[in-house]
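Student: just a sequence and a predicted model for now, questions to come.
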2 protein chains.
Amino acid sequence: MPKQVDHAGRRQQIAEAVCQLVDECGLEGVTLRDVAARAEVSMGAVQRCFRTKEEMVQCALVYVGDRVTERVRHRLKAGPAQSAASELGLVAGEVALLREEHRAEARIWLAFLAGAAVNPGLAETLRSSYASLEELMVRLIMEAAGGSVVGGSALGGVFTDGAASARTEAHALLALADGLTAHVLIGHRTVAEAEDVLHAHLAGLWARC
Amino acid sequence: MPKQVDHAGRRQQIAEAVCQLVDECGLEGVTLRDVAARAEVSMGAVQRCFRTKEEMVQCALVYVGDRVTERVRHRLKAGPAQSAASELGLVAGEVALLREEHRAEARIWLAFLAGAAVNPGLAETLRSSYASLEELMVRLIMEAAGGSVVGGSALGGVFTDGAASARTEAHALLALADGLTAHVLIGHRTVAEAEDVLHAHLAGLWARC
DNA sequence: ACCGCATCGATGCGTTCGCATCGGAACTCA
DNA sequence: TGAGTTCCGATGCGAACGCATCGATGCGGT
């Protein structure tokens, strides 16, 4: 066997370069040449790792998606002593990518989201990332709700059907986080305002159980 | 005076063509040639109406933004007999662009949203559209809340400070609608699910006042 | 020591892009 | 009706794109 190269490592290195470029110029600013230059490899190397540009972009999406979900899981594992309710707050805050240091990831995420509306391949990848986050949220919501009130709700039966309502609440929280991310990105909402909205929504959620 | 052309009409005609192309291929699928062909004018005519592609795209964004907000206002004017609460439901449903016949507008909106994260000009235009919708929502929320309970809240003072809370609720509703739009677009949520989420959120909102 | 093969960097190809240019058509007014 | 002005459609241009190709290179097995 002749010369061997760490393919996985190189793919990740290129994916990272793609993410940087998406952050700076959007999805349409990604070209094979620029990616190669940013990753400090030759264009040939990029073309060896990925047969087409499409495949490369897809890999980058998986990369950033995994990074976000991994960070969420890690954060949960780091402080599991708190209540499920506060854990959900952490998760929502993390998913919304509001903090300055995650602004790049937010831009990347939004770019891929828009791309997914046109490119079915990206949509499929994106859905699986969402599904994983959503499952986590449903679990936390049911845990928190089950802990505070069992088998009934104080206000009009919002949580009388636990599973279905928890799922709806998770859907809402995920959509709210995404919308806030976008609004902050385009400068229509400050980070503080977005956090207020998120906290108010969570407060309302717990008040209803 | 020599030959005169309806500039405004032509600009709108071209903006409509841009929207169609954005719907089909995303923002990066928009080229001057394709726009000209779709609008059934020559490329020269397009270049006469808009000095640059950027200017053309911006105009298309204003066009679709106005179309959405106008539809919302029209719908409010058509049935002003209902309560402010139900009116807000209508507005939220309209803004979320969930109905099949507005799927194209939703795709266009998402494409521009992602573009705005990179292009400051688009962001500015988008913000003004959002501001107009938001103001409308704040007004409806305060109207609805003021009608049902004056000067106090039943649950922990959520609405004791009317103006600030109403604004926060409007922010949440707008972000939620946007997030749901995106999730439906990429096929991660069905229209029915999105409507459930929206209705549940509104129900929670009124329950808190 | 040497040969074989995976990988590399570079270059070429065909296409398409945004934008500039220009001759003629179309229309108004004297 | 003819001159003058505005607009249109076609074409050209330089750049950048994705992708294919091809020697050069260097490591690994015999």
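Tutor: Everything's here; your move. Numbers count the residues shown, from 1 in each chain, chains lettered A, B, ... in the order given.
Student: what helices or strands is the longest helix anywhere in chain A leaning on?
Tutor: For chain A, the helix that runs over the most residues, judged by DSSP state H, is helix A:120-148. Here helix A:120-148 touches helix A:53-78, helix A:84-95, helix A:103-116, helix A:162-185, helix A:191-208, going by 3 or more CB pairs under 8 Å, 6 or more residues apart in numbering or on different chains; DSSP states H and E. Heads up, the C-betas are built off the backbone N, CA and C, glycines and all.
Student: list the buried ones in that helix?
Tutor: A:122-123, A:125-127, A:129-130, A:133-134, A:136-138, A:140-145 (16 or more other CB atoms under 10 Å in any protein chain shown).
Student: hmm, back to that, in a markdown table: the helices and strands packed on helix A:120-148, plus mean neighbour count.
Tutor: Output for the helices and strands packed on helix A:120-148, formatted as a markdown table (neighbours: other CB atoms under 10 Å in any protein chain shown):
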| stretch | mean neighbour count |
| --- | --- |
| helix A:53-78 | 17 |
| helix A:84-95 | 20 |
| helix A:103-116 | 24 |
| helix A:162-185 | 24 |
| helix A:191-208 | 19 |
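Student: would you turn these into a markdown table with mean pLDDT and distance to B:Ala106?
Tutor: Shown next, in a markdown table, are these (pLDDT from 0 to 100; distance: least, CB to CB, whole Å):
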| stretch | mean pLDDT | distance to B:Ala106 |
| --- | --- | --- |
| helix A:53-78 | 92 | 21 |
| helix A:84-95 | 91 | 22 |
| helix A:103-116 | 94 | 11 |
| helix A:162-185 | 94 | 13 |
| helix A:191-208 | 93 | 22 |
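Student: tell me which of those helices sits nearest to B:Val18.
Tutor: Among the helices and strands packed on helix A:120-148, helix A:103-116 comes nearest to B:Val18, with 15.6 Å by CB to CB.
Student: okay but A:Ala84 is in contact with A:Val138, surely?
Tutor: No. With the criterion set as CB atoms under 8 Å, A:Ala84 and A:Val138 do not qualify as a contacting pair; they are 11.5 Å apart.
Student: how near is the nearest residue in space to A:Leu27 that is not next to it in sequence to DNA strand C?
Tutor: Once flanking residues are discounted, A:Leu27 sits nearest to A:Ala111: 4.6 Å by CB to CB, 6 or more residues apart in numbering or on different chains. In this structure, A:Ala111 lies at 18 Å from DNA strand C, with CB to the nearest atom of the strand, to the nearest Å as the measure.
Student: by proximity to DNA strand C, which residue of chain A wins?
Tutor: Scanning chain A for proximity to DNA strand C using CB to the nearest atom of the strand identifies A:Gly44 as nearest, at 2.2 Å.
Student: which SS state does that residue fall under?
Tutor: Look at A:Gly44: counting by DSSP: H, G, I helix; E, B strand; the rest coil, its state is helix.
Student: residues touching it, list them.
Tutor: Under the criterion of CB atoms under 8 Å, 6 or more residues apart in numbering or on different chains, A:Gly44 has no neighbours.
Student: quick one: it from A:Phe50, how far?
Tutor: In this view, A:Gly44 and A:Phe50 are 12 Å apart by CB to CB, to the nearest Å.
Student: same question for A:Ala17.
Tutor: Using CB to CB, A:Ala17 is found at 12 Å from A:Phe50.
Student: ok, A:Glu105 next?
Tutor: Here the distance between A:Glu105 and A:Phe50 works out to 21 Å (CB to CB).
Student: again with A:Asp66
Tutor: According to CB to CB, A:Asp66 and A:Phe50 sit 17 Å apart.
Student: quick one, grab the pLDDT at A:Asp6.
Tutor: What the model reports as pLDDT for A:Asp6 is 74.
Student: give me phi/psi at A:Leu98?
Tutor: Here is the backbone geometry of A:Leu98 (degrees, to the nearest 10): phi -80, psi -30.
Student: counting neighbours, what do you get for it?
Tutor: Residue crowding around A:Leu98 was assessed by other CB atoms under 10 Å in any protein chain shown; the count is 23.
Student: what's the answer for A:Asp34, then?
Tutor: Here the number of neighbours of A:Asp34 (other CB under 10 Å) works out to 17.
Student: so for it, what's the nearest residue that isn't a sequence neighbour?
Tutor: In space, A:Asp34 is closest to A:Leu21, 5.7 Å off (CB to CB, 6+ apart).
Student: and for A:Ala194?
Tutor: Leaving aside its sequence neighbours, A:Ala194 is closest to A:Leu180 (4.3 Å, by CB to CB, 6+ apart).
Student: now swap in A:Ala96 and tell me
Tutor: Of all residues beyond its chain neighbours, the one nearest A:Ala96 is A:Ala177 (4.0 Å), with distances taken as CB to CB, 6+ apart.
Student: neighbours around A:Arg11, how many?
Tutor: Counted with other CB under 10 Å, residues neighbouring A:Arg11 total 18.
Student: look up how far chain B lies from it.
Tutor: Shown here: A:Arg11 relative to chain B, a distance of 24 Å by CB to the nearest CB, to the nearest Å.
Student: ok, that residue - contacts?
Tutor: With contacts defined as CB under 8 Å, 6+ apart, A:Arg11 is in contact with A:49-50, A:59.
Student: swap the cut-off to 7 Å and go again
Tutor: Under the criterion of CB atoms under 7 Å, 6 or more residues apart in numbering or on different chains, the contact list for A:Arg11 reads A:49, A:59.
Student: tell me the SS of it?
Tutor: Three-state secondary structure (criterion: three-state DSSP) places A:Arg11 in helix.
Student: confidence score at it?
Tutor: Looking at A:Arg11, the pLDDT reads 91.
Student: how much space separates it from A:Cys25?
Tutor: A:Arg11 sits 21 Å away from A:Cys25, taking CB to CB as the criterion.
Student: thought A:Glu94 was touching A:Leu133, still the case?
Tutor: No. Taking contacts as CB atoms under 7 Å, A:Leu133 lies outside contact range of A:Glu94: 9.5 Å.
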